[in-house]
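Novice: Following is a predicted model, sequence given first.
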Amino acid sequence: MSERPSSLDVGYVAGKLSLFPDVLDDKDSLYEVRNNAETVLRTGLPYNGKKIIVEDTSLFPPTGIIRVGLPSGVAGEAELIYYGSKTENAFKDLVRGFAGSRQNQWPSGTWATNAVTAEPHNAVKDAIINIEKRVGLETNPDSGSLNRRLKNMELKFLSPKAVFRSYPRVVRPGSTIRFQNFSEGDVIRNLWDFGDGGQSTEKNPTYAYAKEGVYTVRLHIVTSTGAQGISTKTNCLTVSEDEKPSFFYAKKLNSPALTYSLVDQSDGDILQRFWVFGDGESLREDDPAKHEVSHTYQSPGLYEPSLLLVFAGDKVKRVFLSEILEVS
């Protein structure tokens, strides 16, 4: 049989008995235990002794393991001996030097004690400790545990990403704001919270704020598998009587084909404009008086052009079209 650690070993700490997932115990190395069983040798036990004569064996099970040496709980030299049968005052059918212990000779008066006191309890306890450590607790699992790794994979691969955009970002009270939902996956439910008590379950809703203020918008999505994703944009919308919203629009030109004119209608002390056409092309315009550009797309499709405005005082604002541009 392979050497098996014991909670009676010097230096034992909780968790050492079970080396899960390696199995140290099997049905041939588990024995009946009666805690606190102890007796003393009535005669000496020679090195090759085949029988142990003791004062009383009544507290010990019919077969099992005894520890011959110092009393229980006292560290020191000892021998583990398996006995296959017993009488009232003797252990017989011995296997000496059991579980790798050192075979020795012992004088009369030496203690013989239950060698596996509380071992089943400690083995189960240590197995649980090691399983929890490797698999991970339900709450606050360790970083290296299986549970933590699974949770990280769920967050990365299974949790849906709620993605949205709103335009315009600055409006007067009562003006319409369009919300576009770009969330991916088999989304079956959308719940918008506009930050003023208003809500919507549409995929791409429109909404108008009645009062001035700065509002936080949240989108909560649920997929067909029950997975949920939430996106919150803090202070993403400004409703004010004083501020004029920045915006631009697109109009199709007749020639050449797929050419569009983009016209900026933003107010303010604009220093530069950075046009991003949505097809990988962009243009920087340093003349603040030039607020119209043209661009030819190479193929039909849906594009999302945007405009980055640089104002005096290094204020920067990004502006989108109210709708995705359909080039045809």
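Specialist: Received it, and whenever you're ready, just let me know what you need.

Novice: Any stretches of the stretch 51-200 of the chain with poor pLDDT?
Specialist: 115-126, 138, 155-157 (pLDDT under 70).

Novice: for it, what spans make up the helices?
Specialist: 119-135, 146-153 (DSSP state H, counting those that start in this stretch).

Novice: Is the residue nearest to Leu307 when sequence neighbours are not counted within a helix or a strand, and which one?
Specialist: In space, and not counting its chain neighbours, Leu307 is closest to Val319: 4.6 Å by CB to CB, 6 or more residues apart in numbering. All C-beta atoms are positioned from the backbone trio N, CA, C, and that covers glycine. Here Val319 sits within strand 316-320, counting by DSSP states H and E.

Novice: now that strand: mean pLDDT?
Specialist: Averaging pLDDT along strand 316-320 gives 83.

Novice: how far does the helix or strand following it sit from the chain's center?
Specialist: Next along the chain after strand 316-320, taking DSSP H and E as the criterion, comes strand 325-327. On the basis of CA atoms, centre = their mean, to the nearest Å, strand 325-327 sits 41 Å off its chain's mean C-alpha point.

Novice: contact partners of stretch 288-300?
Specialist: 253, 256-266, 270-273, 275, 277, 279, 281, 283, 285, 303, 305, 327-328 (CB atoms under 8 Å, 6 or more residues apart in numbering).

Novice: quick one: Lys133 and Leu41, what's the gap?
Specialist: Lys133 sits at a distance of 42 Å from Leu41 (criterion: CB to CB, to the nearest Å).

Novice: So which of those two has more stuff around it?
Specialist: Shown here are Lys133 and Leu41; by other CB atoms under 10 Å, Leu41 has more neighbours (19 against 15).

Novice: Skipping adjacent residues, who's closest to the more buried one in space?
Specialist: Thr110 (4.7 Å).

Novice: Spatially central, which residue of this structure would that be?
Specialist: Per CA atoms, centre = their mean, the C-alpha nearest to the average position across the chain is that of Lys151, at 3.2 Å.

Novice: What sits closest to it if chain neighbours are left out?
Specialist: Looking at Lys151 with CB to CB, 6+ apart, the closest residue is Pro141, at 6.9 Å.

Novice: Same check on His220?
Specialist: His220 sits nearest to Leu191 (CB to CB, 6+ apart), 4.4 Å away.

Novice: which ones are touching the one you found?
Specialist: By CB under 8 Å, 6+ apart, the neighbours of Leu191 are 199-201, 219-221.

Novice: swap the cut-off to 10 Å and go again
Specialist: 162, 199-202, 218-222, 230 (CB atoms under 10 Å, 6 or more residues apart in numbering).

Novice: Restricted to buried residues, select the residues you listed in ChimeraX.
Specialist: To isolate the buried subset of these in ChimeraX, counting by 16 or more other CB atoms under 10 Å, use the following:
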select :162,200,218,219,220,221,222
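
Novice: Counting only strands, which of the contacts of Leu191 make the cut?
Specialist: Within those, residues falling in strands by DSSP state E are 199-200, 218-222, 230.

Novice: and of the residues you listed, the nearest to Thr238?
Specialist: Ranked by distance to Thr238 (CB to CB), these are led by Arg218 at 16.9 Å.

Novice: how close does that closest one get to Gly229?
Specialist: 11 Å.

Novice: measure the closest residue to Phe248 other than its chain neighbours to Tyr249 for me?
Specialist: Leaving aside its sequence neighbours, Phe248 sits nearest to Asp264 (CB to CB, 6+ apart; 4.2 Å). In this view, Asp264 and Tyr249 are 9 Å apart by CB to CB.

Novice: what about these two, which has more around it?
Specialist: Comparing Asp264 with Tyr249 by other CB under 10 Å, the one with more neighbours is Asp264, at 19 against 13.

Novice: need the contact list for that one.
Specialist: Counted by CB under 10 Å, 6+ apart, Asp264 has contacts 246-249, 270, 273, 275, 285, 290-293, 307, 309, 319.

Novice: Can you go through these and name the buried ones?
Specialist: 246-248, 270, 273, 275, 285, 291, 293, 307, 309, 319.

Novice: quick one: which two of the residues you listed are the most distant?
Specialist: Most distant of the buried ones among the contacts of Asp264, by CB to CB, are Phe247 and Glu285, 16.6 Å apart.

Novice: how does this protein divide into domains?
Specialist: 38-115, 164-239, 248-327 (automatic domain parsing).

Novice: Out of those domains, which gets nearest to Leu137?
Specialist: domain 164-239 (22.6 Å).

Novice: From the contacts of stretch 288-300, which land in helices?
Specialist: Within the contacts of stretch 288-300, no residue falls in helices by DSSP state H.

Novice: Please pick the buried ones from the residues you listed.
Specialist: Applying 16+ other CB under 10 Å to the contacts of stretch 288-300 flags 260, 262, 264, 266, 270, 273, 275, 277, 279, 285, 303, 305, 327 as buried.

Novice: follow-up on the earlier one: for the contacts of Leu191, give me JSON lines that also has distance to Pro61.
Specialist: Converted to JSON lines, the contacts of Leu191 look like this (distance: CB to CB, whole Å):
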{"residue": "Ala162", "distance to Pro61": "64"}
{"residue": "Gln199", "distance to Pro61": "70"}
{"residue": "Ser200", "distance to Pro61": "73"}
{"residue": "Thr201", "distance to Pro61": "69"}
{"residue": "Glu202", "distance to Pro61": "74"}
{"residue": "Arg218", "distance to Pro61": "66"}
{"residue": "Leu219", "distance to Pro61": "67"}
{"residue": "His220", "distance to Pro61": "62"}
{"residue": "Ile221", "distance to Pro61": "63"}
{"residue": "Val222", "distance to Pro61": "59"}
{"residue": "Ile230", "distance to Pro61": "60"}
